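Here's my sequence, what's the structure:
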Amino acid sequence: MNKIIYFVRHAQSVGNASEVHQGAAGGLSPKGVLQAELLAQRLRNIGGIDTIIASTHMRTQETAAPIARELGLPILSSPFLIERCHPSSLVDVHILDPEALRVRALVQEKFTGKERHSDEEGFPELHARAMAALDEILALPGNGTVVVTHGAFLSFMAATMIYGKRLTPEAVDAFQTRFDNASLSYFEYRHRRTWTEPSVLGWIMVKLNDTAHLASVV
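Okay, the predicted model is just below:
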(Lines give C-alpha, C1' and ligand atoms only; values in the text may rest on other atoms or scores of the structure.)
Protein backbone atom coordinates (compact mmCIF):
# COMPACT_ATOMS: atom_id res chain seq x y z
CA MET A 1 0.00 0.00 0.00
CA ASN A 2 1.41 3.35 -1.11
CA LYS A 3 -0.70 6.42 -0.40
CA ILE A 4 -0.07 10.14 -0.24
CA ILE A 5 -2.39 12.16 1.96
CA TYR A 6 -2.74 15.93 1.62
CA PHE A 7 -3.98 17.26 4.96
CA VAL A 8 -5.59 20.69 4.75
CA ARG A 9 -6.54 23.02 7.54
CA HIS A 10 -9.70 24.85 6.50
CA ALA A 11 -9.38 28.37 5.09
CA GLN A 12 -9.93 31.37 7.34
CA SER A 13 -13.40 31.29 8.87
CA VAL A 14 -15.50 34.15 10.18
CA GLY A 15 -14.71 32.79 13.67
CA ASN A 16 -10.95 32.85 12.98
CA ALA A 17 -11.18 36.46 11.81
CA SER A 18 -13.16 37.38 14.94
CA GLU A 19 -10.86 35.35 17.22
CA VAL A 20 -13.68 33.47 18.91
CA HIS A 21 -14.06 29.83 19.92
CA GLN A 22 -15.92 27.97 17.19
CA GLY A 23 -18.49 25.24 17.02
CA ALA A 24 -19.82 23.44 13.96
CA ALA A 25 -21.52 26.50 12.45
CA GLY A 26 -19.86 29.44 10.75
CA GLY A 27 -18.50 29.61 7.23
CA LEU A 28 -15.50 31.22 5.58
CA SER A 29 -14.57 34.89 5.71
CA PRO A 30 -14.02 36.76 2.41
CA LYS A 31 -10.28 36.17 2.86
CA GLY A 32 -10.98 32.49 3.50
CA VAL A 33 -12.98 32.19 0.27
CA LEU A 34 -9.97 33.49 -1.67
CA GLN A 35 -7.62 31.16 0.22
CA ALA A 36 -9.82 28.18 -0.62
CA GLU A 37 -9.78 29.06 -4.33
CA LEU A 38 -5.98 29.34 -4.38
CA LEU A 39 -5.68 26.07 -2.50
CA ALA A 40 -7.95 24.36 -5.02
CA GLN A 41 -5.80 25.58 -7.90
CA ARG A 42 -2.67 24.30 -6.15
CA LEU A 43 -4.19 20.85 -5.66
CA ARG A 44 -5.37 20.75 -9.29
CA ASN A 45 -1.79 21.38 -10.40
CA ILE A 46 -0.43 18.67 -8.10
CA GLY A 47 -2.66 16.04 -9.69
CA GLY A 48 -2.96 12.37 -8.79
CA ILE A 49 -5.79 12.96 -6.31
CA ASP A 50 -8.61 10.41 -6.23
CA THR A 51 -10.63 11.29 -3.13
CA ILE A 52 -11.67 14.31 -1.04
CA ILE A 53 -12.92 13.88 2.52
CA ALA A 54 -13.82 16.70 4.89
CA SER A 55 -15.07 17.34 8.38
CA THR A 56 -18.81 17.90 8.65
CA HIS A 57 -18.32 21.46 9.94
CA MET A 58 -19.39 24.32 7.67
CA ARG A 59 -15.93 25.90 7.33
CA THR A 60 -14.33 22.66 6.13
CA GLN A 61 -17.18 21.93 3.72
CA GLU A 62 -16.81 25.42 2.23
CA THR A 63 -13.04 24.91 1.93
CA ALA A 64 -13.53 21.56 0.21
CA ALA A 65 -16.13 22.86 -2.28
CA PRO A 66 -13.74 24.64 -4.71
CA ILE A 67 -11.31 21.70 -4.44
CA ALA A 68 -14.09 19.35 -5.48
CA ARG A 69 -15.02 21.66 -8.36
CA GLU A 70 -11.45 21.92 -9.64
CA LEU A 71 -10.80 18.18 -9.38
CA GLY A 72 -14.22 17.01 -10.51
CA LEU A 73 -14.63 14.85 -7.42
CA PRO A 74 -17.38 14.50 -4.81
CA ILE A 75 -16.83 15.48 -1.17
CA LEU A 76 -17.04 12.68 1.36
CA SER A 77 -17.90 13.84 4.88
CA SER A 78 -16.66 12.41 8.16
CA PRO A 79 -17.57 13.27 11.76
CA PHE A 80 -14.19 11.81 12.78
CA LEU A 81 -12.49 14.90 11.28
CA ILE A 82 -14.27 17.62 13.26
CA GLU A 83 -12.33 20.03 15.44
CA ARG A 84 -11.35 19.12 18.99
CA CYS A 85 -14.51 19.62 21.04
CA HIS A 86 -14.12 22.35 23.64
CA PRO A 87 -16.85 23.14 26.19
CA SER A 88 -19.94 24.29 24.32
CA SER A 89 -20.16 27.24 26.73
CA LEU A 90 -17.12 28.73 24.96
CA VAL A 91 -18.65 28.84 21.47
CA ASP A 92 -18.61 32.42 20.12
CA VAL A 93 -16.63 33.65 23.16
CA HIS A 94 -13.43 35.56 22.39
CA ILE A 95 -10.30 33.47 22.88
CA LEU A 96 -8.82 36.03 25.30
CA ASP A 97 -11.96 36.50 27.37
CA PRO A 98 -10.96 36.09 31.06
CA GLU A 99 -13.70 33.52 31.73
CA ALA A 100 -12.67 31.58 28.63
CA LEU A 101 -9.08 31.50 29.84
CA ARG A 102 -10.24 30.22 33.24
CA VAL A 103 -12.36 27.47 31.67
CA ARG A 104 -9.55 26.39 29.33
CA ALA A 105 -7.22 26.06 32.31
CA LEU A 106 -9.76 23.79 34.01
CA VAL A 107 -10.15 21.76 30.83
CA GLN A 108 -6.39 21.29 30.60
CA GLU A 109 -6.23 20.08 34.21
CA LYS A 110 -8.67 17.29 33.40
CA PHE A 111 -7.37 16.54 29.89
CA THR A 112 -5.74 13.20 30.68
CA GLY A 113 -8.12 11.70 33.23
CA LYS A 114 -11.63 10.27 33.14
CA GLU A 115 -13.36 13.35 34.55
CA ARG A 116 -14.24 16.34 32.36
CA HIS A 117 -14.95 19.97 33.16
CA SER A 118 -18.16 19.81 31.08
CA ASP A 119 -18.82 18.46 27.57
CA GLU A 120 -15.32 18.76 26.06
CA GLU A 121 -13.10 15.98 24.68
CA GLY A 122 -10.14 14.74 26.69
CA PHE A 123 -7.04 12.86 25.60
CA PRO A 124 -8.62 9.36 25.50
CA GLU A 125 -11.51 10.50 23.31
CA LEU A 126 -9.28 12.50 20.97
CA HIS A 127 -6.80 9.65 20.60
CA ALA A 128 -9.54 7.15 19.79
CA ARG A 129 -11.07 9.54 17.26
CA ALA A 130 -7.72 10.28 15.60
CA MET A 131 -7.02 6.56 15.24
CA ALA A 132 -10.49 6.02 13.75
CA ALA A 133 -10.01 8.95 11.36
CA LEU A 134 -6.70 7.57 10.09
CA ASP A 135 -8.20 4.11 9.60
CA GLU A 136 -11.04 5.68 7.63
CA ILE A 137 -8.64 7.68 5.46
CA LEU A 138 -6.48 4.66 4.65
CA ALA A 139 -9.56 2.63 3.67
CA LEU A 140 -10.56 5.16 0.99
CA PRO A 141 -10.02 4.15 -2.65
CA GLY A 142 -7.11 5.43 -4.71
CA ASN A 143 -3.59 6.54 -3.85
CA GLY A 144 -4.06 10.29 -3.38
CA THR A 145 -6.45 11.77 -0.83
CA VAL A 146 -7.21 15.33 0.29
CA VAL A 147 -8.33 15.55 3.93
CA VAL A 148 -9.90 18.86 5.00
CA THR A 149 -9.94 19.22 8.77
CA HIS A 150 -9.09 21.64 11.60
CA GLY A 151 -5.92 23.03 13.14
CA ALA A 152 -5.99 21.56 16.65
CA PHE A 153 -7.25 18.17 15.49
CA LEU A 154 -4.72 18.07 12.65
CA SER A 155 -1.92 18.64 15.16
CA PHE A 156 -3.30 15.76 17.24
CA MET A 157 -3.58 13.52 14.17
CA ALA A 158 -0.01 14.30 13.14
CA ALA A 159 1.21 13.25 16.60
CA THR A 160 -0.92 10.09 16.29
CA MET A 161 0.66 9.27 12.93
CA ILE A 162 4.10 9.44 14.51
CA TYR A 163 3.37 7.61 17.78
CA GLY A 164 0.31 5.50 16.95
CA LYS A 165 -1.08 3.59 19.92
CA ARG A 166 1.98 4.67 21.96
CA LEU A 167 0.88 8.32 21.94
CA THR A 168 0.89 9.98 25.37
CA PRO A 169 -0.37 13.38 26.55
CA GLU A 170 3.26 14.38 27.05
CA ALA A 171 4.05 13.57 23.41
CA VAL A 172 1.04 15.64 22.29
CA ASP A 173 2.33 18.61 24.30
CA ALA A 174 5.81 18.19 22.81
CA PHE A 175 4.44 18.00 19.27
CA GLN A 176 2.27 21.14 19.34
CA THR A 177 2.40 22.26 15.70
CA ARG A 178 0.96 25.35 14.06
CA PHE A 179 -1.12 24.78 10.92
CA ASP A 180 -2.11 27.97 9.11
CA ASN A 181 -5.48 28.41 7.45
CA ALA A 182 -5.60 26.74 4.01
CA SER A 183 -2.17 25.18 4.51
CA LEU A 184 -1.12 21.86 2.97
CA SER A 185 0.71 19.13 4.87
CA TYR A 186 1.90 16.01 3.08
CA PHE A 187 2.20 12.55 4.60
CA GLU A 188 2.92 9.25 2.88
CA TYR A 189 1.77 5.84 4.07
CA ARG A 190 4.08 3.16 2.69
CA HIS A 191 6.71 0.59 3.48
CA ARG A 192 9.88 2.03 4.99
CA ARG A 193 13.09 0.75 6.51
CA THR A 194 13.82 1.22 10.21
CA TRP A 195 16.87 0.53 12.37
CA THR A 196 15.57 -2.93 13.22
CA GLU A 197 13.22 -3.89 10.36
CA PRO A 198 13.91 -3.99 6.60
CA SER A 199 10.30 -3.12 5.73
CA VAL A 200 7.59 -1.68 7.97
CA LEU A 201 4.32 -0.16 6.80
CA GLY A 202 3.79 3.25 8.37
CA TRP A 203 3.48 7.01 8.08
CA ILE A 204 6.22 9.28 6.73
CA MET A 205 6.06 13.05 7.21
CA VAL A 206 6.99 14.85 3.98
CA LYS A 207 6.08 18.50 4.57
CA LEU A 208 4.17 20.49 7.17
CA ASN A 209 2.23 23.74 6.82
CA ASP A 210 3.02 24.54 3.17
CA THR A 211 1.46 27.92 2.33
CA ALA A 212 3.31 28.78 -0.91
CA HIS A 213 -0.01 29.00 -2.79
CA LEU A 214 -1.16 31.81 -0.47
CA ALA A 215 1.67 34.24 -1.22
CA SER A 216 -0.68 36.70 -2.95
CA VAL A 217 -3.16 36.83 -0.04
CA VAL A 218 -2.69 39.74 2.38
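
From here on, just use CA atoms for contacts and neighbour counts.
OK.

and the longest strand anywhere in the chain, average pLDDT?
With residue count as the measure and DSSP state E as the assignment, the chain has strand 200-210 as its longest strand. Rounded to a whole number, the mean pLDDT of strand 200-210 is 92.

if I read this right, His127 contacts Thr160, doesn't it?
Yes - look at His127 against Thr160 with Cα atoms under 8 Å: they come within range, at 7.3 Å.

Mind listing the shared neighbours of the two?
Counting by Cα atoms under 8 Å, 6 or more residues apart in numbering, the shared contacts of His127 and Thr160 are Leu167.

Just list the residues touching Glu109, thanks.
Glu109 is in contact with no residue at all, counting by Cα under 8 Å, 6+ apart.

Oh, that last question was meant for Ala171, not what I typed.
Under the criterion of Cα under 8 Å, 6+ apart, the contact partners of Ala171 comprise Ala159.

Please tell me how far it sits from Leu201.
When distance is defined by Cα to Cα, to the nearest Å, Ala171 is 22 Å away from Leu201.

related to what we said a few turns ago, can you give the contact residues for the longest strand of the chain?
161-162, 178-180, 183-194.

for stretch 22-37, same thing?
With contact meaning Cα under 8 Å, 6+ apart, stretch 22-37 is reached by 10-15, 17, 56-59, 62-64, 66-67, 85, 88, 90-92, 181-182, 214, 217.

Just grab the bridge partners of Phe7 for me.
Partner residues in beta bridges with Phe7: Val147, Ser185, with DSSP bridges as the criterion.

Could you give the number of residues near it?
25 (other Cα atoms under 10 Å).

so what's it up against?
Taking Cα under 8 Å, 6+ apart as the criterion, Phe7 is in contact with Val146, Val147, Val148, Thr149, Leu154, Leu184, Ser185, Tyr186, Phe187.
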